[in-house]
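Asker: here you go, sequence then predicted model.
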Amino acid sequence: MKVLVNLVMQERKAVLISILLGSIGGITAAGLFAMSGYIISEASLKPPLYVILILAACLKLFGIAKSVSRYFERVVSHEGTLRILSNIRMTFYDQLERLAPRIFTKYRSGDLLSRIVSDVESLQNFFLRVFYPPIVLAIVFIFTIFFTMFYSVWIALVILVSLILTAVVIPTLRTKRHEKVGQHKLEKRAALSTEMTEVLYGYRDLTISHTLHEQMDEVAAIADAYAEEQHKESKALIRDQALNAFVSMLTVASVLVIGAYFVTTGSLNGLYLAMLVLITLTVFDLAIPMALVPTFEKESDQAMTRLQMIEQEDFGKETDVGTFIKKQPFSIAFQDVSFRYEGQAEDTLQHIQFMALQGSRTAIVGASGSGKSTIFQLMLDLYNPTSGQIRIAGQPLEEIQSEDLWKKTTVLLQQNHFFYGTIRDNLRIAKPIATDEELDYVLKEMELDFDLNMQVLEHGENLSGGEKQRLALGRMWLKNTSVWLLDEPFSALDPATTKRLHHKLIQKTKGKTVVMISHRLQGLEQMDQILVVDEGRIAEVGTHADLIEQQGIYYHLKQIDEHVLQE
Ligand SMILES: Nc1ncnc2c1ncn2[C@@H]1O[C@H](COP(=O)(O)OP(=O)(O)OP(=O)(O)O)[C@@H](O)[C@H]1O
């Protein structure tokens, strides 16, 4: 709640103008109806024409003032809300960006989508319906009560008591129930978004495996549950509004009865009765939406809490502290590093110890599942070691800002994302200022015969596996920092292309620190050291020649590799 108020108060000017215009709108509306009541009564007494004319002119004035102030109140408050939402989105996006590579270990993408779209969207009600309308209502009521007191203290008292009932007592009594309904609705909405995202991602696989219908049934069940929560909420809202409307009507009736009684006793001039009844009717019309305040307040609060959960999530690293990596290219050292994935019974990596010297080339090889990519992820600070230490340029990794590390490394992962757009857009991710000549050169280096304007479909759907890999390598060519980390850069390429690109890679990375994971064992003769990983341990270390001479795991893997190639 405090956070929400702070966010709204960043738009102080919009808040003040909305309150001012809202109050003018409310008071002029009350004035308009009061004046109408008065004219009706006055007209029955057949006053001179000029009196009617003056009153009618005032009526018009009130009408115009009411419409103009209402219009600008809406404009200012909605513009303010849009700015507030935009600030929230930016803040949330900054948090996501900071946590992005690690966040998927704890959150599913559909849930994140729901937070960034629906939860942020829910917050618009906070300013528009929760924050300033009650202040406007209070101002209009104070004005009305003082105005009414001038004619009858008792009628003013009736209005005051009814106001407390509609604006405070009834909403407070119902807050508890709304809390549950709102919470369930947000949870169901997040679940629906999560399941829908999964189905969209896996649509093709589900269709091929004939399980789409079952999956869609599950989604439909969640959608029904969400619709039910929405239905429950709508019912509660309507009930509350109806209750407020009932109290309002009761108040109007009371004012009429009490007023009529005072007219008969002579303590109220009958000329003012219609005016008092109509002013009461108008101001209570403004009070009816107050029934919705607790619901929207709770919903905003819960949505904000869901957004904040991510900010408060402990991903095991303070990314905003630490010094910068100054040395280029830098060395990477693992000192007795062990690592266990959350929820796993055993360590995936055990006592990993090695040093990739600055400007040297290291290859990590080993069987599938031996832990090569995990070493990589630790190196990139995507996970923290369970024990031991990783040092970058001699500094402990935990003291280095992840973003600084990522900025200074050229990283190729096994899976790379391609965006809907052109080849140019997809390459420029690595270097936004790259010229077309530069991009064309990179495409040529990657042996890709693409036009820069060629359309890339979502997830690179219209590219082959090898094309995607070369396009991703092209990004590396463009980024070209002094440290390269490559996870299976040629796994989707044929041996001949692999050989040519491997050669180019060696040329391109001269004098840089290179760590490359490789399944296949071609071209590792140029590596300064090869680490052979076996079941989470480093089983062998040495150059190609050393390891061949040792006739250990590497030697055997190499023999199998060559055998496979010959086949
Ligand atoms: N996020 C994760 N949570 C739990 N276990 C994981 C996770 N990622 C990988 N593992 C497990 O850790 C082990 C090592 O995986 P890793 O991806 O490091 O192997 P790899 O040597 O790179 O394999 P490949 O050559 O097939 O890519 C595997 O048994 C894998 O199942």
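Answerer: All right, it came through fine. Numbers count the residues shown, from 1 in each chain.

Asker: from here on, just use CA atoms for contacts and neighbour counts.
Answerer: Fine.

Asker: name the SS class of the closest residue to G511 other than its chain neighbours, please.
Answerer: Excluding its sequence neighbours, the residue lying closest to G511 (Cα to Cα, 6 or more residues apart in numbering) is G359, at 4.8 Å. G359 falls in the coil class when you classify it by DSSP: H, G, I helix; E, B strand; the rest coil.

Asker: quick check: phi and psi at G359.
Answerer: phi 80, psi 10 (degrees, to the nearest 10).

Asker: tell me if I'm right that it and T513 touch.
Answerer: Yes - assessed by Cα atoms under 8 Å, G359 is found in contact with T513 at 4.2 Å.

Asker: what do those two both touch?
Answerer: Residues touching both G359 and T513 (Cα atoms under 8 Å, 6 or more residues apart in numbering): 329-331.

Asker: from the stretch 401-550 of the chain, which residue is nearest to the ligand?
Answerer: H519 (6.2 Å; Cα to the nearest ligand atom).

Asker: quick one: neighbours of the closest residue to that residue other than its chain neighbours, just the number.
Answerer: Spatial nearest neighbour of H519, excluding adjacent residues (Cα to Cα, 6+ apart): V365 at 6.0 Å. Close neighbours of V365, defined as other Cα atoms under 10 Å, add up to 26.

Asker: and V365, bridged to which residues?
Answerer: V532 (DSSP bridges).

Asker: for L157, see how far away it is.
Answerer: V365 sits at a distance of 85 Å from L157 (criterion: Cα to Cα, to the nearest Å).

Asker: and the residue positioned nearest the centre of the chain, helix, strand or coil?
Answerer: Centroid-nearest residue in the chain: I116, 2.4 Å away (criterion: Cα atoms, centre = their mean). Following three-state DSSP, I116 is assigned to helix.

Asker: for the closest residue to it other than its chain neighbours, give its distance to the ligand.
Answerer: Spatial nearest neighbour of I116, chain neighbours left out: R89 (6.9 Å); criterion: Cα to Cα, 6+ apart. Look at R89 and the ligand: by Cα to the nearest ligand atom, to the nearest Å, they are 28 Å apart.

Asker: what about R89, neighbour count?
Answerer: R89 has 18 nearby residues by other Cα under 10 Å.

Asker: tell me the pLDDT of it.
Answerer: pLDDT, R89: 85.

Asker: elements contacting the helix or strand where it lies?
Answerer: With elements taken from DSSP states H and E, the one containing R89 is helix 49-103. Using 3 or more Cα pairs under 8 Å, 6 or more residues apart in numbering; DSSP states H and E, the elements in contact with helix 49-103 are helix 2-9, helix 12-44, helix 120-122, helix 124-125, helix 293-312.

Asker: wait, which of the ones you listed is closest to K407?
Answerer: helix 293-312 (22.5 Å; Cα to Cα).

Asker: could you check the angle the closest one makes with helix 49-103?
Answerer: Relative orientation of helix 293-312 and helix 49-103, computed by axes from the mean of the first three to the mean of the last three Cα atoms, to 10 degrees: 30 degrees.

Asker: what about helix 293-312, distance to the chain center?
Answerer: Relative to the mean C-alpha coordinate of its chain, helix 293-312 is positioned 13 Å out (Cα atoms, centre = their mean, to the nearest Å).

Asker: the helix or strand that it is followed by close to the ligand?
Answerer: Using DSSP H and E, the helix or strand that follows helix 293-312 in sequence is strand 332-339. No - taking Cα under 6 Å from any ligand atom as the criterion, strand 332-339 and the ligand are apart, separated by no less than 9.6 Å.

Asker: would you reformat the shared contacts of G359 and T513 as JSON lines and include distance to the ligand, pLDDT and neighbour count?
Answerer: JSON lines is the format used below for those (distance: Cα to the nearest ligand atom, whole Å; pLDDT from 0 to 100; neighbours: other Cα atoms under 10 Å):
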{"residue": "P329", "distance to the ligand": "25", "pLDDT": "88", "neighbour count": "22"}
{"residue": "F330", "distance to the ligand": "23", "pLDDT": "90", "neighbour count": "24"}
{"residue": "S331", "distance to the ligand": "21", "pLDDT": "93", "neighbour count": "21"}
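
Asker: domain parsing of this structure, as residue ranges.
Answerer: 2-312, 332-408+481-566 (automatic domain parsing).

Asker: ok, of those, where does mean pLDDT dip lowest?
Answerer: For the domains of the chain, where the average pLDDT is lowest is domain 2-312, sitting at a mean of 85.

Asker: so what's I170 up against?
Answerer: 244, 291.

Asker: what about the closest residue to L292 other than its chain neighbours, which SS state?
Answerer: Closest residue to L292 apart from its sequence neighbours, by Cα to Cα, 6+ apart: L237 at 6.4 Å. Using three-state DSSP, the secondary structure recorded for L237 is helix.

Asker: now swap in the one 3 residues further on and tell me
Answerer: The three-state assignment at D240 reads helix, by three-state DSSP.

Asker: that one: how many residues sit nearby?
Answerer: So D240, with other Cα under 10 Å, has 21 neighbours.

Asker: what do you get for the one 5 residues further on?
Answerer: For A245, the number of neighbouring residues by other Cα under 10 Å comes to 19.

Asker: ok, L278 next?
Answerer: 23.

Asker: where's it relative to L163, distance?
Answerer: For L278 relative to L163 (Cα to Cα), the value is 16 Å.

Asker: list the contacts of F72.
Answerer: L21.

Asker: gap between it and the ligand?
Answerer: 53 Å.

Asker: does P489 sit in a helix, a strand or a coil?
Answerer: Recorded secondary structure, P489: coil (three-state DSSP).

Asker: I'd say it and L473 touch.
Answerer: Yes - under the criterion of Cα under 8 Å, P489 makes contact with L473 at 7.3 Å.

Asker: so what sits against both of those two?
Answerer: By Cα under 8 Å, 6+ apart, the residues touching both P489 and L473 are L412.

Asker: so which of those two has more stuff around it?
Answerer: Taking neighbours as other Cα under 10 Å, P489 and L473 compare with L473 leading, 27 against 24.

Asker: could you say which helix or strand holds the more buried one?
Answerer: When elements are assigned from DSSP H and E, L473 belongs to helix 465-479.

Asker: just checking, what packs against that helix?
Answerer: strand 409-412, helix 423-428, helix 436-445.

Asker: can you pull the contacts of Q377?
Answerer: Taking Cα under 8 Å, 6+ apart, we find Q377 in contact with Y383.

Asker: quick check, it in a helix?
Answerer: Yes - when classified by three-state DSSP, Q377 is found to be part of a helix.

Asker: hang on, the earlier thing: ok, the residue nearest to the centre of the chain to the ligand distance?
Answerer: Distance, I116 to the ligand, using Cα to the nearest ligand atom: 24 Å.
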